[in-house]
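Undergrad: fold the following.
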Amino acid sequence: MDEDDRGCLVLVLAVPSALLTLVAAYFCWTALTIRPSGPWDDDAYAGVTLSCVTTVGAAVPAAAVWLLPPVRRVVRWWWLLPPVLLGAVAAVRWAAGG
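TA: Residues are numbered from 1 along each chain as shown. Model prediction:
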């Protein structure tokens, strides 16, 4: 694979991964900023859960793209860090129960 093909492949793989990471970052931010008014605030707890599920749902495919062997040869390992960290933060928030 020559350098021109490699640059094009990085761009093709970077766009969906970056978009999924941005979606995960937005919903992770909402999961962390939603504050229920009290134990009776079921809507806020549902919002936190939905935000966490959406974060994990976007972070997993963004990270899974990197696991494909052709992608690993082209895309650096640090592309994996943001979606993994966002997914982990959302999972902890989700486990904490809002």
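
Undergrad: so for the biggest helix by length in the chain, what gets flagged as buried?
TA: Identified as the longest helix of the chain according to DSSP state H is helix 3-33. For helix 3-33, the neighbour count (16 or more other CB atoms under 10 Å) marks 9, 13, 17, 20-21, 23-25, 27-28, 30-31 as buried. (Glycine included, C-beta is placed from N, CA and C.)

Undergrad: from the chain's centroid, how far away is that helix?
TA: Distance of helix 3-33 from the chain centroid (CA atoms, centre = their mean, to the nearest Å) equals 9 Å.

Undergrad: just checking, what packs against the helix or strand that it is followed by?
TA: Per DSSP states H and E, the first helix or strand lying C-terminal to helix 3-33 is helix 42-67. Other elements packing on helix 42-67 under the criterion 3 or more CB pairs under 8 Å, 6 or more residues apart in numbering; DSSP states H and E are helix 3-33, helix 81-95.

Undergrad: now the ones you listed as TSV including distance to residue 57?
TA: Listed next are the helices and strands packed on helix 42-67 as TSV, based on distance: least, CB to CB, whole Å:
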stretch	distance to residue 57
helix 3-33	8
helix 81-95	9
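
Undergrad: turn those helices into a markdown table, including mean pLDDT and distance to residue 53.
TA: As requested, the helices and strands packed on helix 42-67 are arranged in a markdown table below (pLDDT from 0 to 100; distance: least, CB to CB, whole Å):
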| stretch | mean pLDDT | distance to residue 53 |
| --- | --- | --- |
| helix 3-33 | 83 | 9 |
| helix 81-95 | 96 | 7 |
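
Undergrad: between those helices, which one is nearest to residue 66?
TA: helix 3-33 (7.4 Å; CB to CB).

Undergrad: any idea how far residue 42 is from the residue nearest to residue 63 when sequence neighbours are not counted?
TA: Counting by CB to CB, 6 or more residues apart in numbering, residue 63 lies nearest to residue 83, which is 4.3 Å off, once chain neighbours are set aside. According to CB to CB, to the nearest Å, residue 83 and residue 42 sit 29 Å apart.

Undergrad: repeat for residue 77
TA: 41 Å.

Undergrad: so which residue is smack in the middle of this protein?
TA: Centrality entry for the chain: nearest residue to the mean C-alpha point is residue 59, 2.5 Å, by CA atoms, centre = their mean.
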